[in-house]
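**Student:** Predicted model follows, preceded by the sequence.
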Amino acid sequence: MLATELEKSLRQSLRSAGQQLKDLDALGALRFVTEHWQSTEVDGLRPMQGDGLVAYFELLNRGRGSVLEFGINRILRFPPIDGANFWEWAPGYKLRLSLTYKPPLEFFQLNAAKSVVDCWSKADVLTFIDELKSLPLFKLVNQLELDASSISFTECDSPPTEANHATKGLTWAKA
């Protein structure tokens, strides 16, 4: 499949499962995204760390007040462009499924040490799911009432080597 067909495929999978985006909770979103990742292949990606998932929790203000966002991004990384310098970032895409919540007081009391989890091997998906489900932030959002949800597909640049960049970490792969 072409990378540009991925959003349509994700939305079609949601419809085929008889689900609506507005009805997903954190656990349902995680299950849905990981199943879609496992069942689809995208052409032309890097052989190592070319297709992965990055899940995150972030407090954001998008102009209508602060929200707590739980997002799962499918990151598609293409090989560097021929003739590019070794430090130049390569093209990529982000397919995001995000759920937002009104941040409860418990969020500010958590002092969460970890808010980003990534997985670049489909064979490790169960470890990814277990690690994410064990986080206090995941347990919190899984209990909250959904405020809004969305799916988006955008271009992004990705690091020239490891996905977890030495100085930028995975910030480039989040919101």
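**Tutor:** On my side now, so go ahead.
**Student:** Show the subsequent helix or strand relative to the helix or strand bottoming out on mean pLDDT in the chain.
**Tutor:** Counting by mean pLDDT, DSSP states H and E, the weakest-scoring helix or strand in the chain turns out to be helix 105-110, with a mean of 82. Downstream of helix 105-110, the first helix or strand assigned by DSSP states H and E is strand 116-119.
**Student:** what about the nearest residue to residue 115 once chain neighbours are set aside, how many neighbours?
**Tutor:** In this structure, residue 115 finds its nearest non-sequential neighbour in residue 57, 4.5 Å apart by C-beta to C-beta, 6 or more residues apart in numbering. Bear in mind the C-beta positions are built from the backbone N, C-alpha and C, glycine included. By the criterion of other C-beta atoms under 10 Å, residue 57 has 25 neighbours.
**Student:** that's a strand at residue 57, yeah?
**Tutor:** Yes. Judged by DSSP: H, G, I helix; E, B strand; the rest coil, residue 57 forms part of a strand.
**Student:** In terms of secondary structure, what does whichever strand or helix holds residue 137 contact?
**Tutor:** Taking DSSP H and E as the definition, residue 137 sits inside helix 136-141. With contacts taken as 3 or more C-beta pairs under 8 Å, 6 or more residues apart in numbering; DSSP states H and E, helix 136-141 sits against strand 51-61, strand 66-77, helix 105-110.
**Student:** mind listing the helices for the chain?
**Tutor:** Per DSSP state H, the chain carries helices over the ranges 6-16, 26-39, 105-110, 125-134, 136-141.
**Student:** Show me the residue sitting in the middle of the chain in space.
**Tutor:** Central residue of the chain (C-alpha atoms, centre = their mean): residue 73, 1.8 Å from the mean position.
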